[in-house]
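Participant: Structure of the sequence below:
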Amino acid sequence: MTFPELNALYQLPLFELIQRSRSVHEEHWPAAEVQLCTLLSIKTGGCSEDCSYCAQSARYNSGVQAERLMEKCDIMKRAQAARDAGSTRFCMGAAWRGVRKGTQRFEQVLDIIQDVSKLGMEVCVTLGELGPNEAEKLKEAGVTAYNHNIDTSPEHYPNIVTTHTFQDRLNTIRNVQDAGMSVCCGGILGLGESTEDRLKMLEVISEFNPQPESIPINSLMPMPGTPMAEEQGVDVFDVVRIIALTRIAAPKAKVRLSAGRTNLSEEAQTLCFFAGANSIFYGDKLLTAKNPAVEKDLALIQKLGMKPQEPNRQLPPPESDDAKALEPQPV
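Facilitator: Purely as a prediction, here's the structure:
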């Protein structure tokens, strides 16, 4: 969707906007299901990037200690526990700028992915920048989806990160899609951006060809020691509006209510589900931030008459639109 289209929807009264997003949601996701995803940091801290919201950057005194890649046996225990707790997607994140084919750490990750993929869950990884060769290797190893958020608008991005560009993000996303993997790509609310920035972020995401398989909507959780430690929280109604817009702009994508859920009441989360969210990160921790307890999530899902979505490792990536250009547009 274009910025003018998104802006026109954003200006609607909240109830009218939600009515529209709910209609789209029911058309494409008629079952009352929610995807349960568990996120594990398999390599924490010591990252060379300067993302100003991230406690894992080596440039900030955030208190997060740099760790080596977790042992495969420990990762497998966590993956099995996630499956047993009902997770349908296991997401593994590593605090690296990127990975390169032929290196020891990349070969280790490929070996881990192969074993995790045998557990029957969808497998998602986020390892930083990828070239075409690395993307193909991840696909062969069993990756279902690759997470690479664009965070914010192209215009606001240089205010958040200076060690790589917005175009670098798009290049990785293109390599992932060309390798035949699904893309998991969203953004973060509360980075000092304007409403216009939020809408431009959604414009870029909705114009991907094909559109992302899943779109995480995060609310900043300010981390001590980072440049954004003093940023204010995001108004819950702003979150709901962006959830609703995302559902309308990307009807077939899973819209994931991600970081920041600890600041949302059950009623607020329910409003987000009604507006179009149908996926959550599930477990007690998101990389370095807290997350609602598993028991609370399951209780809320039961209260709402919803049920966990079954994993689908054979789910193909969304089809591309031949009427669009094959490349994400440079900015």
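Participant: any chance you could map the helices in the stretch 1-150 of the chain?
Facilitator: Taking DSSP state H, counting those that start in this stretch, the helices of the stretch 1-150 of the chain run over residues 3-10, 14-28, 72-84, 104-116, 132-141.
Participant: With distance to C37 and mean pLDDT as added columns, please give those helices in a markdown table.
Facilitator: Heads up, the C-betas are built off the backbone N, CA and C, glycines and all. Shown next, in a markdown table, are the helices of the stretch 1-150 of the chain (distance: least, C-beta to C-beta, whole Å; pLDDT from 0 to 100):
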| stretch | distance to C37 | mean pLDDT |
| --- | --- | --- |
| helix 3-10 | 26 | 98 |
| helix 14-28 | 19 | 97 |
| helix 72-84 | 9 | 92 |
| helix 104-116 | 13 | 95 |
| helix 132-141 | 18 | 96 |
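Participant: And whichever strand or helix holds E267, what's buried?
Facilitator: In this assignment (DSSP states H and E), E267 forms part of helix 266-275. Buried residues in helix 266-275, counting neighbours by 16 or more other C-beta atoms under 10 Å, are found at 269-275.
Participant: And stretch 149-157, by the same measure?
Facilitator: Neighbour counts over stretch 149-157 (16+ other C-beta under 10 Å) mark 149-154, 156-157 as buried.
Participant: just to revisit the earlier point, which among the helices of the stretch 1-150 of the chain is found nearest to V161?
Facilitator: Nearest to V161, of all these, is helix 132-141, at 20.7 Å by C-beta to C-beta.
Participant: List the neighbours of that closest one that are in contact with it.
Facilitator: 98-101, 106, 110, 113-114, 117, 125, 130, 146, 175-176, 178-181 (C-beta atoms under 8 Å, 6 or more residues apart in numbering).
Participant: Just the buried ones from those residues?
Facilitator: 98-99, 106, 110, 113, 117, 125, 130, 146, 175-176, 179, 181.
Participant: from the residues you listed, which two are the most distant?
Facilitator: The widest separation within those (C-beta to C-beta) is 21.6 Å, between G98 and S117.
Participant: if I look at V24, how far off is L245?
Facilitator: 11 Å (C-beta to C-beta, to the nearest Å).
Participant: State the three-state secondary structure for the residue sitting nearest the centre point of the chain.
Facilitator: The centroid of the chain falls nearest to P216 when counting by C-alpha atoms, centre = their mean (3.6 Å). Of the three states, P216 takes strand under DSSP: H, G, I helix; E, B strand; the rest coil.
Participant: How about the backbone phi and psi for the closest residue to A268 other than its chain neighbours?
Facilitator: If the residues on either side of it in the chain are set aside, A268 comes closest to V236, at 4.7 Å by C-beta to C-beta, 6 or more residues apart in numbering. The phi and psi values for V236, taken as degrees, to the nearest 10, are phi -60, psi -30.
Participant: cool, and the one 4 residues further on?
Facilitator: Backbone torsions of V240, given as degrees, to the nearest 10, read phi -60, psi -40.
Participant: is it true that it touches L271?
Facilitator: Yes. With contact defined as C-beta atoms under 8 Å, V240 reaches L271; the gap is 5.4 Å.
Participant: By residue count, tell me the biggest strand in the chain.
Facilitator: strand 33-43 (DSSP state E).
Participant: name the helices or strands packed onto it?
Facilitator: helix 72-84, strand 89-94, strand 254-257, strand 279-281, strand 307-308 (3 or more C-beta pairs under 8 Å, 6 or more residues apart in numbering; DSSP states H and E).
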